[in-house]
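K.L.:
below are the sequence and a predicted model; questions follow.
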Amino acid sequence: GSFCQAALASPELERFQNDDFLRPWPQASSKPLGQQAVASPASVREFAMPDGIPVGTRLQDAVQELPTLRPDFCRVLLVRHGETVANRQGLLCGGGNDSELNADGLEQAREVGRELGPLLPGSLHLLGSSPLRRALDSADAIAKHFPQAKRVVLEDLKEMAYGTLEGARIKDVGGAMEPLKCALAEIAEKIFRICQLAC
């Protein structure tokens, strides 16, 4: 959307401006998920992020390309929650708006679990989420495919609140989001704390 385009126009993200992966995807189908046309594997495009990090639109390929994990390391997989009621309405939904998943969002989370289950059998040890309903419901749907994983709710994973912008139409907030940028160091620190729980 316009917020993402504005962010990509910043000097910090200039090198990503022509990245195909960040270009808008085709409009979502109005058909229910089970009735949508599925792209054949040959039509799925692969992309290369800077520094040779493989990124694709197929979860199976991305997981299979992960390097072997050293015994003294842990791997963190970040999964965004499924689509929410607020997402569908184009509303800004941060930590101050506990918008729930819509039917498509719940199915998206279930699909992630169905795909990851056979790819990571027995290797997922900790499954965490924020306390927001959209994150809880997404993580719970995925957790059904990993019964051995410890399920935790972490306040550190909660999205930042957007104050008076909470619930505003995303296309209307534009530059007002600029002061709310989250520092990468804060994100890295949160991920480190999560890794300590898993080890």
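P.N.:
It's in.

K.L.:
all helices of this protein, in order?
P.N.:
2-8, 59-64, 85-89, 103-119, 133-143, 170-173, 184-198 (DSSP state H).

K.L.:
other SSEs contacting the longest one?
P.N.:
Right, helix 103-119. When contacts are defined as 3 or more Cβ pairs under 8 Å, 6 or more residues apart in numbering; DSSP states H and E, helix 103-119 sits against helix 59-64, helix 133-143. Every residue, glycine included, has its C-beta placed from N, CA and C.

K.L.:
contacts for the longest one?
P.N.:
This means helix 133-143. 79, 81-82, 84, 93, 98-101, 105-106, 108-110, 112-113, 116, 127-130, 149, 151, 153, 157-158 (Cβ atoms under 8 Å, 6 or more residues apart in numbering).

K.L.:
what angle sits between it and helix 103-119?
P.N.:
Orientation check (axes from the mean of the first three to the mean of the last three Cα atoms, to 10 degrees): helix 133-143 against helix 103-119 gives 30 degrees.

K.L.:
got the buried residues for helix 133-143?
P.N.:
Neighbour-count burial for helix 133-143, counted by 16 or more other Cβ atoms under 10 Å, picks out R134, A135, L136, D137, S138, A139, A141, I142, A143.

K.L.:
re earlier: so which of the helices of the chain comes closest to T164?
P.N.:
helix 170-173 (10.0 Å; Cβ to Cβ).

K.L.:
and the closest one, C-alpha only, in CSV?
P.N.:
Extracted in CSV, the C-alpha atoms of helix 170-173 (Å, rounded to 0.1, in the frame of the first residue of the first chain):
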residue,chain,number,x,y,z
ILE,A,170,-4.0,3.2,6.4
LYS,A,171,-4.2,5.2,3.2
ASP,A,172,-5.0,8.3,5.2
VAL,A,173,-2.1,8.3,7.7
